[in-house]
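Visitor: Here you go, sequence then predicted model.
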Amino acid sequence: MPVFHTKTIESILEPVAQQISHLVIMHEEGEVDGKAIPDLTVPVGKETVQTTEDQLMKRDMPPAFIKVENSCSKLVKAAQMLKADPYSVPARDYLIDGSRGILSGTSDLLLTFDEAEVRRIIRVV
């Protein structure tokens with residue numbers, strides 16, 4: 001198991017690490033047993049927003065999810081465009097915009113989650 005430096009980072013990244021482990025296992029099962037990969041389009045993280053009572057989190061998380069999802073679409077489009085034309089300037093722009101958006105959106109998600117954790121801790125104290 002990976003080592004995390006804080007409990008907050010651990011609580012955020014541990015589920016990601018578990019999902020990656022599941023993907024590796026599914027890949028190996030597919031190679032060995034010929035099993036198909038199931039539908040992977042489950043909205044990860046959105047369950048947290050639906051179940052939380054923190055209204056600021058409910059407000060701030062959805063735009064961050066949208067930013068990450070739109071950025072992922074840009075990366076897919078960039079890959080398709082670059083496959084057709086490896087010199088495509090617009091494709092390179094999509095690649096940069098998508099990469100920046102994923103980093104920025106992920107940062108927004110982590111900060112929103114962290115702020116919600118701080119509010120939860122302050123309420124307990």
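Guide: Happy to help now that I have it. Residues are numbered from 1 along each chain as shown.

Visitor: Got the confidence number for the residue nearest to residue 61 when sequence neighbours are not counted?
Guide: What sits nearest to residue 61 in space, not counting adjacent residues and going by CB to CB, 6 or more residues apart in numbering, is residue 49, at 4.6 Å. In this view, the C-beta of every residue, glycine as well, is placed from N, C-alpha and C. At residue 49, the model reports a pLDDT of 80.

Visitor: what's near enough to touch residue 49?
Guide: 57, 58, 61, 62, 65 (CB atoms under 8 Å, 6 or more residues apart in numbering).

Visitor: What about the first one, how many residues nearby?
Guide: If I follow you right, that is residue 57. Applying other CB atoms under 10 Å, we find 19 residues neighbouring residue 57.

Visitor: And the helices in the chain?
Guide: Remark: helices assigned in the chain by DSSP state H are 7-33, 46-51, 55-84, 89-124.

Visitor: All set now, cheers.
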